[in-house]
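[1] Generate a structure from the sequence data that follows.
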Amino acid sequence: MPGTKTNTIKTTVSFAAAHQPYQHDYEPIVMLQQVLNDALTAFAIHPDGTSRYYFLHKGNEADLTQTLGEVADHAHALHLRLRTETISG
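    Alright, predicted model coming up:
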């Protein structure tokens, strides 16, 4: 419908081990934890407890309890980088 404003945030998740980024339009109220879960599924990653997965945004680790709207501020697009680190134990 012409003139209809969309309130979604075009979210892109890049991962060094993936050939293509994960992209999806999300509502601003979606938590980063949900985006992480979706990205892991899209990249066929099955966490086994030996690694920790997290997002980097603007060079800092993103708080997974924040919503996309909080992280994106007023932007209509958001780029996150998926990172992993081995859990030693």
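[2] which SS state does the residue sitting nearest the centre point of the chain fall under?
    The residue at the geometric middle of the chain, judged as the C-alpha nearest the mean C-alpha position with CA atoms, centre = their mean, is V35 (4.5 Å). The local conformation at V35, judged by DSSP: H, G, I helix; E, B strand; the rest coil, is helix.
[3] so who does it touch?
    Under the criterion of CB atoms under 8 Å, 6 or more residues apart in numbering, the contact list for V35 reads 11, 13, 24, 26, 55, 68, 80. C-beta: built from backbone N, CA, C; applies to glycine.
[4] can you rerun that using 7 Å?
    With CB atoms under 7 Å, 6 or more residues apart in numbering as the criterion, the residues that contact V35 are 11, 13, 26, 68.
[5] Dump those to a markdown table, plus neighbour count, pLDDT and distance to P47.
    As requested, the contacts of V35 are exported to a markdown table (neighbours: other CB atoms under 10 Å; pLDDT from 0 to 100; distance: CB to CB, whole Å):
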| residue | neighbour count | pLDDT | distance to P47 |
| --- | --- | --- | --- |
| T11 | 23 | 98 | 20 |
| V13 | 22 | 98 | 15 |
| Y26 | 20 | 97 | 21 |
| L68 | 21 | 96 | 21 |
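[6] Which of those fall within strands?
    By the criterion of DSSP state E, membership of these in strands covers 11, 13, 26.
[7] Surely the first one is in contact with E27?
    No. With contacts defined as CB atoms under 7 Å, T11 does not count as touching E27, sitting 10.4 Å away.
[8] What is the neighbour count of N7?
    Other residues within reach of N7 by the criterion other CB atoms under 10 Å amount to 10.
[9] N37 too?
    Counted with other CB under 10 Å, N37 comes out at 14.
[10] Check L82 too.
    Per other CB under 10 Å, the neighbour tally for L82 reads 23.
[11] Look up which residues are beta-bridged to it.
    When assigned by DSSP bridges, L82 has beta-bridge partners F15, F55.
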